[in-house]
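1. Give me a model of this one.
(chains A and B)
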Amino acid sequence: NAGVTQTPKFQVLKTGQSMTLQCAQDMNHNSMYWYRQDPGMGLRLIYYSASEGTTDKGEVPNGYNVSRLNKREFSLRLESAAPSQTSVYFCASSAYRGRSYEQYFGPGTRLTVT
Amino acid sequence: DQQVKQNSPSLSVQEGRISILNCDYTNSMFDYFLWYKKYPAEGPTFLISISSIKDKNEDGRFTVFLNKSAKHLSLHIVPSQPGDSAVYFCAASGLAQGGSEKLVFGKGTKLTVNP
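-> Just a heads-up that it's a prediction; the model follows:
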């Protein structure tokens, strides 16, 4: 059981380059999330998708776009990377079971923008 | 505006003793609280949670206490073990659009358990 997988694990970009971070879950969860973690800042929500076909902004959406490709996959795109987007990115998923709150996280993608 | 606060960036305790990690929140609409544990180079993993209708939840060595009037929760680890050394995140939950929940995380407390 793979849970939540993310690719790539590491990436270095130059300012202005674009890239897509991939996330997939095999737990049949409805909801998926993208977070970024910066030193001393905790985890901040970028975008989330309550269910297939829907996406909504989180706390820090500027500079990012997302696609909920199907129930399993939720991608995060940086159209024009900036040094301020250097961070560790985590994807998570959760099942909607009335009041179920447990989110399962992937191993993260460490992104450096130079 | 920080809705979930972990005011201690780090905590160091001796093996076998109690570890107490604290968390405060400001939004009274939060109705579920969780603790996540994170090791370096890994994603956070769920540890324990508590509903706002309870004041205590226990799971083995881990107990979470909730004081709604003070908007404060704490995680107790007894006895602490070196393998508990990690960053602990407090998170609070409220319903978001579409029926999913959104978690608001604190900044984390790095726990070091010394042998």
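
2. Contact partners for A:Asp38?
-> If you count contacts by Cβ atoms under 8 Å, 6 or more residues apart in numbering or on different chains, A:Asp38 has them with A:44, A:87-88. C-beta here means a position set from N, CA and C on the backbone, and glycine is covered the same way.

3. and the closest residue to B:Phe62 other than its chain neighbours, how many residues sit next to it?
-> Leaving out its chain neighbours, the residue that sits closest to B:Phe62 by Cβ to Cβ, 6 or more residues apart in numbering or on different chains is B:Ile48, at 5.0 Å. By the criterion of other Cβ atoms under 10 Å in any protein chain shown, B:Ile48 has 18 neighbours.

4. for B:Gln14, same thing?
-> The tally of other residues near B:Gln14 (other Cβ under 10 Å) stands at 12.

5. quick one: it from chain A, how far?
-> Per Cβ to the nearest Cβ, to the nearest Å, B:Gln14 is found 26 Å from chain A.

6. dump the residue contacts of that residue.
-> By Cβ under 8 Å, 6+ apart, B:Gln14 lies in contact with B:80, B:113-114.

7. tell me which residues in the top strand by length along chain B are buried?
-> In chain B, taking DSSP state E as the definition, the longest strand is strand B:86-95. For strand B:86-95, the buried set under the neighbour-count rule, 16 or more other Cβ atoms under 10 Å in any protein chain shown, comprises B:86-93.

8. what is the mean pLDDT for it?
-> Mean pLDDT, strand B:86-95: 89.

9. remind me which residues of the chain are low pLDDT?
-> I went with chain A, as the question did not name one. A:1, A:96-101 (pLDDT under 70).

10. let's do chain B instead
-> Within chain B, the segments meeting pLDDT under 70 span B:1, B:95-100.

11. circling back to that earlier point, now narrow the buried residues of strand B:86-95 to whatever sits close to chain A.
-> Of the residues in the buried residues of strand B:86-95, proximity to chain A by Cβ under 8 Å from any Cβ of the partner chain holds for B:89, B:91, B:93.

12. Between those, which sits nearest chain A?
-> Chain A lies nearest to B:Ser93 out of these, by Cβ to the nearest Cβ, at 4.7 Å.

13. which residues pair with the nearest residue to the closest one once chain neighbours are set aside across the strands?
-> Once flanking residues are discounted, B:Ser93 sits nearest to B:Tyr32: 4.1 Å by Cβ to Cβ, 6+ apart. Here B:Tyr32 sits in beta bridges with B:Ser51, B:Ser93, going by DSSP bridges.

14. and B:Tyr32, what is it in contact with?
-> By Cβ under 8 Å, 6+ apart, B:Tyr32 lies in contact with A:99, A:101, B:49-52, B:92-94, B:101.
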